[in-house]
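Peer 1: Got a predicted structure plus its sequence, pasted below:
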Amino acid sequence: QGMSIRLRDAEGIPLIGEYVSFSPRLEPGALYDLTVEDHGTMARLVIAREGKVIGEIEGAVSLAPKDGHIVMRKGGAASLQLQTPSITVTHGHEAVQHAAPKWESNALSPKAVDTVFSDPHAVAALLNAEAVVQPITKDDPRLRNLTSTDYGSLALASTERSRLFGDSRFAISTDQQNTIATRHPEYGRGNGGVDSDIRTDLGNLLGAYQDVVGDALMRGMEVQLAELKGESLQKPMEMLDFVLGTRASGRSIGELARWFKVSMPSKNEILEESRLMLTKNIDRLIANQEVVAAQNWKDTHGATPQAPIVSRALELNMGRGLKDAMILTAQKIGSYSSDVRQEFETAVTYAGLNLGEVYAEASLSSEALAKAEVPTLYASATPIHTEVLASSGVLRQLEIPGGLKIDTEALSIPAEGSETLRFTLDREVMANFWVNSVAGRALSLSISGGSLPTGGYSSDHGLSSADSTSLRLTPGTYDVTVSDKTNYGIMPNGNDMRSRPLEFPLHMDVQPWNTRQIMGRVSLPGEREAKEVSLRVAEFDDVTGKRIKSYDPNNADAVKALDPSKPVWVVVHGREDNEGSGKMEQLARELTASGYQVLTMNWSDGAKDNAPHFGGLQGEQWIEPTATKIFEMLHALGVRGENISFGVHSWGSFVSYEIAERYKEENGFGVQAIVALDPAKDPTLGIGYDAAQVDFSKVSNVSWGFHSSMWGSVPRAMTGGKAIEIRSPDVLSPTDKHGLAVTAFANLIRLQREDPQNELTNEFRMSSLSESQNRVQCDDIYEGWMWVTSYDKTDKNGAHYVDAVPSIFTATNPDNDIPDVYRDSFFSNSVQ
């Protein structure tokens, strides 16, 4: 009959690799060769019959073999032990020995250990052998010493997930990773850059896979521990179901299965492997438990490990005397939720104070109450009361000195509760607050107070989503509130997580208002992280040509503040790009050199949110929310639509269209100009943007479209009042061609500045963009064709791009005749 085998080391730990299945029937009386090869850090097993290999498996040795033996497991339970100086397999009550050469565990070159099974009993033994390594049992005395698998910190937990994954049979070696990459349908088509991108994407996706599988193994170990100790399996099984149900349904895991055919292990596979992980790691878990307990003891300042944990507000006030601190807290405890009051009253009792006296003295201190600062209260790390009451809230002060705070605040919120941070500003600021997703929970983030409208602003994106707010705030007092909005009645896999508090960081980036640089954050339903977006004034050093990156108004070398009353060019990059790439910086440099105010927009976090990077188009879902946020930021800067001209590439053209559409709702026309540089094709494989709606002429006074590659859209380019095709016979890569429109336009700006009489550039006078109000689309045909000469360049980050210098322009279809050709008279002197 058929069988499946995997390799294990001497301690029963699986080698890194996969099972091998032998589908041919193994016949009694037949002669089979079993060969195990030692390659130092790799082991290989081969089964052959009459010189023909019928199955093989190889794997990386996670630990050096001991006593010269390797274990093979059939299907998941039985195993065969290969051990020097002989192999012994048991069938019924008979023991059959087969001679074998001495095992050399330190061999640097392949050495084979060959054994011939001529006895039919030995063949049958492959299918019925007893397990060599027994997993930990409930009688193991070490279980009494292990009470928790708490890892003490997020960093330690992350390390443990990586360790467990690497030691498990689900680990993927480098060789396997290289093989898996070939499963992508675009791999191996002769484009080395694409293959490299696919391998990079696979590495990123496998990082997420490692984290989720490692987390599942941790939760599986908790299930095994509870079962061995006879404890309830409900909570640990809920957490395992949560990981396999919610975390495993994330986008990265889905993309890994879709593009590379790598799927999550089943629940049974996780539980089987986690028993072995517990067997291997129990001693380390016990040692780690002692470290965590010692740290908790130190953090709570208890005299014994059982000392009650007092609230952090009381700890902060210890210097004033314990009773005074209790009285100060009691004066304001009435404004807090019932669970906080219960904790406070229990702490008073444990402290040996009379609760009635504390409340009596607190009621006589109304003047002190008026002057007292809001105490900082946290839920206890080890709650005294097992029941966590709903709708609890905490208010505490947040200091933002000088209007500057770039930091995180740790929050601990009971289920269905909230926490509010109150702060006072003495100057205008740009304030960004955001929380990244908490798996399986739905949070909301709101800000109110000061000069904001009644009710303020809020972000509520639902389950397992990030939330963010980005606002220009005037002096005043504000509240930032994070609330738990989870519907605990419909938790994944029937989990009930209401009893578990939420602990996560609130991120903030608050800076004094500065028109040189504006930072913002964008979040989306279902997305785990809030993405950064920004607008920065662009200026360049006259000597070095490098961009000036000082935005501090107190620095004499800082860029000039934006003047919103004057025209401004906004340069927007596209998919998988950023404001500092070679081609985008070249465009910004030529615009500033010609005397224009320039803002560069950066939305690289969203623009690169694609899996895989090659072919993935999920980043398009960030186009509209990014446009909304940039529109709000331009509004906050005081820039009117009639003063805005866009120089935009690829997906950046969609962002500019959306911004202009929002301006049009206000002023009826949109923005002054849009120059769309190889605007992207309709993203038919994407998930979040309808490109068919894009019509540049409907949202701008004047618009031009340049088409240069197969990644660009001819219909989108033709929605402008002027459409030009760029031709470059010497450039073959579609990706390089996609960027030609950007550098070609940058060089048109340069040529006009350096040679005002240049005939080629007469068709592209920048003044026509600022003065014209031609809102008519071109007639579905190019108005001209431009040939460019290309030069390979490398930007400051080491990335390759192509500098396209216009050399010939014709207004007649070149596929017929070219009677009216304009040549670049300055071409011979152009910068190469």
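Peer 2: Yes, it's here. This is a predicted model, so every value here is computed, not measured.
Peer 1: any idea where the strands of the stretch 651-800 of the chain begin and end?
Peer 2: Under the criterion DSSP state E, counting those that start in this stretch, the stretch 651-800 of the chain contains strands at 671-677, 700-707, 722-727, 784-794, 800-810.
Peer 1: Can you add distance to Asp201, mean neighbour count and mean pLDDT and give those strands back as a markdown table?
Peer 2: Yep, even glycine has a C-beta here, placed from its N, CA and C like the rest. Conversion of the strands of the stretch 651-800 of the chain to a markdown table gives the following (distance: least, Cβ to Cβ, whole Å; neighbours: other Cβ atoms under 10 Å; pLDDT from 0 to 100):
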| stretch | distance to Asp201 | mean neighbour count | mean pLDDT |
| --- | --- | --- | --- |
| strand 671-677 | 26 | 30 | 98 |
| strand 700-707 | 28 | 27 | 96 |
| strand 722-727 | 29 | 22 | 94 |
| strand 784-794 | 23 | 18 | 94 |
| strand 800-810 | 19 | 21 | 94 |
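Peer 1: Looking at those strands, which is nearest to Val358?
Peer 2: strand 671-677 (64.2 Å; Cβ to Cβ).
Peer 1: Parallel or antiparallel, list what pairs with the closest one.
Peer 2: According to DSSP bridges, strand 671-677 forms sheet pairs with strand 644-649 (parallel), strand 700-707 (parallel).
Peer 1: hang on, the earlier thing: want to try CSV for the strands of the stretch 651-800 of the chain, with distance to Thr420 as columns?
Peer 2: Shown next, in CSV, are the strands of the stretch 651-800 of the chain (distance: least, Cβ to Cβ, whole Å):
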stretch, distance to Thr420
strand 671-677, 39
strand 700-707, 43
strand 722-727, 54
strand 784-794, 50
strand 800-810, 48
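Peer 1: Identify whichever of the strands paired with strand 671-677 lies nearest to Ile447.
Peer 2: Set against Ile447 and scored by Cβ to Cβ, the strands paired with strand 671-677 come closest in strand 644-649, at 27.6 Å.
Peer 1: got a list of contacts for the closest one?
Peer 2: Here strand 644-649 makes contact (Cβ atoms under 8 Å, 6 or more residues apart in numbering) with 567-574, 577, 583-584, 587, 591, 634, 655-656, 659-660, 663, 671-679, 700, 739, 741-742, 745, 769-770.
Peer 1: Kindly recompute the last result at 6 Å.
Peer 2: Strand 644-649 is contacted from outside by 569-574, 587, 656, 671-677, 742, using Cβ atoms under 6 Å, 6 or more residues apart in numbering.
Peer 1: Of all the strands of the stretch 651-800 of the chain, which one is nearest Arg247?
Peer 2: Arg247 lies closest, by Cβ to Cβ, to one member of the strands of the stretch 651-800 of the chain: strand 800-810, at 37.4 Å.
Peer 1: could you give the angle of the closest one to strand 722-727?
Peer 2: Here strand 800-810 runs at an angle of 120 degrees relative to strand 722-727 (axes from the mean of the first three to the mean of the last three Cα atoms, to 10 degrees).
Peer 1: In its sheet, which strands sit next to strand 800-810, and in what direction?
Peer 2: In its sheet, and by DSSP bridges, strand 800-810 pairs with strand 784-794 (antiparallel), strand 821-823 (antiparallel).
Peer 1: and the angle from the host helix or strand of Ala627 to strand 644-649?
Peer 2: Taking DSSP states H and E as the criterion, Ala627 maps to helix 623-637. Between helix 623-637 and strand 644-649, the angle comes out at 150 degrees (the same axes, to 10 degrees).
Peer 1: thinking again about what came up before, now the strands paired with strand 671-677 in a markdown table, with distance to Ser162?
Peer 2: Output for the strands paired with strand 671-677, formatted as a markdown table (distance: least, Cβ to Cβ, whole Å):
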| stretch | distance to Ser162 |
| --- | --- |
| strand 644-649 | 38 |
| strand 700-707 | 47 |
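Peer 1: Nearest approach to Gln597 belongs to which of those strands?
Peer 2: Once the strands paired with strand 671-677 are compared by Cβ to Cβ, strand 644-649 is nearest, at 10.0 Å.
Peer 1: Give me the mean pLDDT for that closest one.
Peer 2: Average pLDDT, strand 644-649: 98.
Peer 1: how about it: buried residues?
Peer 2: Using 16 or more other Cβ atoms under 10 Å as the test for burial, strand 644-649 gives Ile644, Ser645, Phe646, Gly647, Val648, His649.
Peer 1: go on, stretch 420-431?
Peer 2: Thr420, Leu421, Phe423, Leu425, Val429, Met430, Ala431.
Peer 1: any idea how far Val394 is from the first one?
Peer 2: Spatial separation of Thr420 from Val394 under the definition Cβ to Cβ, to the nearest Å is 7 Å.
Peer 1: same deal with the fifth one?
Peer 2: Distance, Val429 to Val394, by Cβ to Cβ: 24 Å.
Peer 1: hang on, the earlier thing: dump the buried residues of stretch 420-431 to a markdown table, plus distance to Glu345 and pLDDT.
Peer 2: Formatted as a markdown table, the buried residues of stretch 420-431 follow (distance: Cβ to Cβ, whole Å; pLDDT from 0 to 100):
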| residue | distance to Glu345 | pLDDT |
| --- | --- | --- |
| Thr420 | 22 | 94 |
| Leu421 | 25 | 95 |
| Phe423 | 29 | 96 |
| Leu425 | 36 | 96 |
| Val429 | 39 | 98 |
| Met430 | 43 | 98 |
| Ala431 | 37 | 98 |
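Peer 1: Nearest to Asn145 among the residues you listed?
Peer 2: Of the buried residues of stretch 420-431, the one sitting nearest to Asn145 (Cβ to Cβ) turns out to be Leu421, at 41.3 Å.
Peer 1: Take the strands paired with strand 800-810 and lay them out in a markdown table including distance to Met221.
Peer 2: Below are those laid out as a markdown table (distance: least, Cβ to Cβ, whole Å):
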| stretch | distance to Met221 |
| --- | --- |
| strand 784-794 | 49 |
| strand 821-823 | 74 |
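Peer 1: Tell me which of those strands sits nearest to Ala442.
Peer 2: Closest among those, once you apply Cβ to Cβ, is strand 784-794, at 46.1 Å.
Peer 1: all helices in the stretch 351-500 of the chain, in order from the N-terminus.
Peer 2: With DSSP state H, counting those that start in this stretch applied, the stretch 351-500 of the chain shows helices at 355-363, 366-371, listed in chain order.
Peer 1: Widest-spaced pair of the contacts of strand 644-649?
Peer 2: The distance between the two most remote of these (Cβ to Cβ) is 21.3 Å, for Gly574 and Gln672.
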